[in-house]
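# Here is the input, now give the coordinates:
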Amino acid sequence: MKFIELTLKNHIILHGFDDQNQEITEEVEVEEASKKVVAVSRILSISKKYILIQYAYDRIVYWEYMEDYEAIKEILTQ
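Next up is the predicted model:
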């Protein structure tokens with residue numbers, strides 16, 4: 001299994017959807033970013049602001065990351 005180290009900060013947790021198919025989210029703001037080692041297989045997508053990571057029980061988290069978008073894109077496409 002391949003891993004990547006990321007510096008992650010604030011995040012939005014997607015808990016699921018309501019009866020009108022609207023996202024049920026929880027926004028989390030933290031004071032300091034922290035380094036995390038993430039399995040590449042859990043990464044669903046990446047944008048210039050967020051990296052979307054899937055966790056157990058189908059929970060999805062949009063993390064703000066501190067690294068450069070192009071650098072992460074390069075690592076993930078190798």
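
# The longest strand belonging to the chain: which residues count as buried?
Longest among the strand segments of the chain by residue count, using DSSP state E, is strand 3-17. Buried residues in strand 3-17, counted by 16 or more other Cβ atoms under 10 Å: I4, L6, L8, H11, I12, L14. Backbone N, C-alpha and C define where each C-beta goes, glycine included.

# The last one contacts R59, doesn't it?
Same thing as L14. Yes: counting by Cβ atoms under 8 Å, L14 touches R59, with 7.0 Å between them.

# isn't K48 right up against Y69?
Yes: using Cβ under 8 Å, K48 is in contact with Y69, at 4.9 Å.

# out of those two, which sits in the busier spot?
Shown here are K48 and Y69; by other Cβ atoms under 10 Å, Y69 has more neighbours (13 against 9).

# tell me the contacts of that one?
By Cβ atoms under 8 Å, 6 or more residues apart in numbering, the contact set of Y69 is I46, S47, K48.
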